[in-house]
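Asks: Below is the structure, and that's it, no one-letter string:
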């Protein structure tokens, strides 16, 4: 399932969805031809070179361990910033001759990014859990925080690395590893440490691999004081939405890439969402859901037309026909033939564009109408494969919802004749455009929470500050994971 059903409410809803040969010196008791003797001599030289490599490896390990020990004992001489990162990279480069590490084989990890707790973000239980988390992180800060893990090559299970004890200490202080476990000073990256890394990655909304890759270091080395400040800031954000909590509402947490539908103070549905990219941010919104639009037209916003569509038409004049998009001379003007338009002409700035309903429509088959000053809304999408990405800032500001037909059923549930599940799909199966105006509009919030604590278990959660709204100190904690990049064609597609 791509969305979570976390209470008894949607029982109907659940039913509607579901020693190798040839190596070493020649044996002494064997007679050899002259060719074999030459081959044996060459193998002997390889043997002695192998012993030299062993001594070199030993010396490298000793030097690296000594430097790491210095970092642990005298952290005041090593800044937890680019200076130290450069130091470790120089150490690694000088000892390895600058050779690049071969890329490991990757496997796709299942997403585990939806909150499991049925408690809404807007709740007293959430406020209490976040307050307890702030007290805990204040204690960590007062005790000196956690150590900085020197950057460098990847750390992964089954390998030895002199930074492993630092990593283990870092994860134990933040609660991602038990206080007691594998030998504290061991340099072996064992299975217990791998599970600790996965817990850390899950709590921070990054890909769960169990490895410390380049994209993980900035998140790992965000200080305890910065995390404390992040918790305090987000507590204020939650508190600002606590006044006048409605019986039914929808909340989108933009940096968490998820939506929750709440009824009587309990989350009934959760959905993954796609939000605006940093250049086209999804704004904070308080609005009312007033209608469901089936088989919607997409009236291309002027900003998308100017920044995305027209530049593309200069390169691909046939794009409009391919995507079922019509062009008009002004708001109420006549339709134009795209083949006759000079897309570099000044008058193009006044043209309007509209995409026909259908499978190619950027809004998909369902649009959730929520009038607001920013002109953003929630909708279906034909690019459903993008929901498989851990980080999902791909839109031009609107919110694309996974399994949006189920959310549509929930929204329409209290409308006359729409009480039963599956009505949205039945309407779509009829194939006719229509609009369901709600007699009972539903409040909707687009919020920006990058930190919280789960009331059920106290687990502290952080998410990347994708828009840099938490302040300059935390912007460095967001680094795009190249292995979590979307398909190029999907990422470049024209959409709201």
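Replies: Everything's here; your move. None of these values were measured; they are calculated from a predicted model.

Asks: quick one, strands of the stretch 351-496 of the chain?
Replies: Per DSSP state E, counting those that start in this stretch, the stretch 351-496 of the chain carries strands over the ranges 352-355, 366-369, 378-379, 393-395, 399-401, 434-447, 451-453, 460-462.

Asks: To residue 179, which of these lies closest?
Replies: strand 460-462 (16.7 Å; Cβ to Cβ). Quick note: C-beta positions are derived from backbone N, CA and C, even for glycine.

Asks: Which residues are in contact with residue 300?
Replies: Residues in contact with residue 300 (Cβ atoms under 8 Å, 6 or more residues apart in numbering) are 309, 325, 352, 353, 354, 355, 494.

Asks: number of nearby residues for residue 228?
Replies: Burial of residue 228 is recorded as 22 neighbouring residues (other Cβ atoms under 10 Å).

Asks: Please apply the same query to residue 138.
Replies: Under the neighbour criterion other Cβ under 10 Å, residue 138 is assigned a count of 15.

Asks: Can you give me the separation between the most centrally placed residue in the chain and residue 400?
Replies: By Cα atoms, centre = their mean, the chain has its centre lying nearest to residue 391, at 2.3 Å. Counting by Cβ to Cβ, to the nearest Å, the separation of residue 391 from residue 400 is 14 Å.

Asks: next one: residue 416
Replies: 29 Å.

Asks: Who has more neighbours out of the two?
Replies: Shown here are residue 416 and residue 400; by other Cβ under 10 Å, residue 400 has more neighbours (27 against 8).

Asks: related to what we said a few turns ago, any of the contacts of residue 300 buried? List them.
Replies: 309, 325, 352, 353, 355, 494 (16 or more other Cβ atoms under 10 Å).

Asks: The closest residue to the fifth one other than its chain neighbours: neighbour count?
Replies: What it means is residue 355. In this structure, residue 355 finds its nearest non-sequential neighbour in residue 298, 4.1 Å apart by Cβ to Cβ, 6 or more residues apart in numbering. When counting by other Cβ under 10 Å, one arrives at 24 neighbours for residue 298.

Asks: There's contact between residue 298 and residue 362 in this structure, I believe.
Replies: Yes - if you go by Cβ atoms under 8 Å, residue 298 and residue 362 touch, sitting 5.1 Å apart.

Asks: what touches both of these two?
Replies: Contacts common to residue 298 and residue 362, judged by Cβ under 8 Å, 6+ apart, are 355, 496.

Asks: Helices along the stretch 251-400 of the chain, start to end?
Replies: 302-304, 310-315, 319-323 (DSSP state H, counting those that start in this stretch).

Asks: Contacts made by the second one with the rest, please.
Replies: What it means is helix 310-315. Contact partners of helix 310-315, identified using Cβ under 8 Å, 6+ apart, comprise 319, 320, 338, 341, 343, 344, 348, 494.

Asks: Return the closest of those residues with respect to residue 176.
Replies: Using Cβ to Cβ, the contacts of helix 310-315 come closest to residue 176 at residue 494, 41.1 Å.

Asks: Point out where this protein drops to low pLDDT.
Replies: Across the chain, the ranges flagged by pLDDT under 70 are 1-109, 181-184, 472-494.

Asks: Now do the buried residues in stretch 290-297.
Replies: 290, 292, 293, 294, 295, 296.

Asks: can you redo those residues as CSV with distance to residue 439?
Replies: As requested, the buried residues of stretch 290-297 are exported to CSV (distance: Cβ to Cβ, whole Å):
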residue, distance to residue 439
290, 10
292, 12
293, 16
294, 17
295, 22
296, 20
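
Asks: what number of residues lie near the nearest residue to residue 136 once chain neighbours are set aside?
Replies: Once flanking residues are discounted, residue 136 sits nearest to residue 460: 7.6 Å by Cβ to Cβ, 6+ apart. Residue 460 has 21 neighbours, counted by other Cβ under 10 Å.

Asks: ok, which stretches of the stretch 101-250 of the chain are helices?
Replies: Counting by DSSP H, counting those that start in this stretch, the helices of the stretch 101-250 of the chain are 124-142, 164-173, 191-203, 217-220, 224-239.

Asks: Columns distance to residue 404 on top of those, output as TSV?
Replies: As requested, the helices of the stretch 101-250 of the chain are exported to TSV (distance: least, Cβ to Cβ, whole Å):
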stretch	distance to residue 404
helix 124-142	25
helix 164-173	38
helix 191-203	26
helix 217-220	31
helix 224-239	26
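
Asks: Would you agree residue 191 is in contact with residue 157?
Replies: Yes - under the criterion of Cβ under 8 Å, residue 191 makes contact with residue 157 at 6.3 Å.

Asks: Of those two, which one has the most company?
Replies: residue 157 (15 against 11).

Asks: Check the gap between the more buried one and residue 163 for me.
Replies: 14 Å.

Asks: Can you flag which of the buried residues of stretch 290-297 belong to strands?
Replies: Mapping the buried residues of stretch 290-297 onto strands (DSSP state E) picks out 290, 292, 293, 294.

Asks: beta partners for the last one?
Replies: Beta-bridge partners for residue 294, by DSSP bridges, are residue 366, residue 434.

Asks: For it, give me its contacts.
Replies: 365, 366, 424, 427, 428, 432, 433, 434, 435, 436.

Asks: Please apply the same query to the third one.
Replies: When the contact criterion is Cβ under 8 Å, 6+ apart, the partners of residue 293 are 363, 366, 367, 368, 369, 433, 435.

Asks: what's the burial count for residue 128?
Replies: Per other Cβ under 10 Å, the neighbour tally for residue 128 reads 12.
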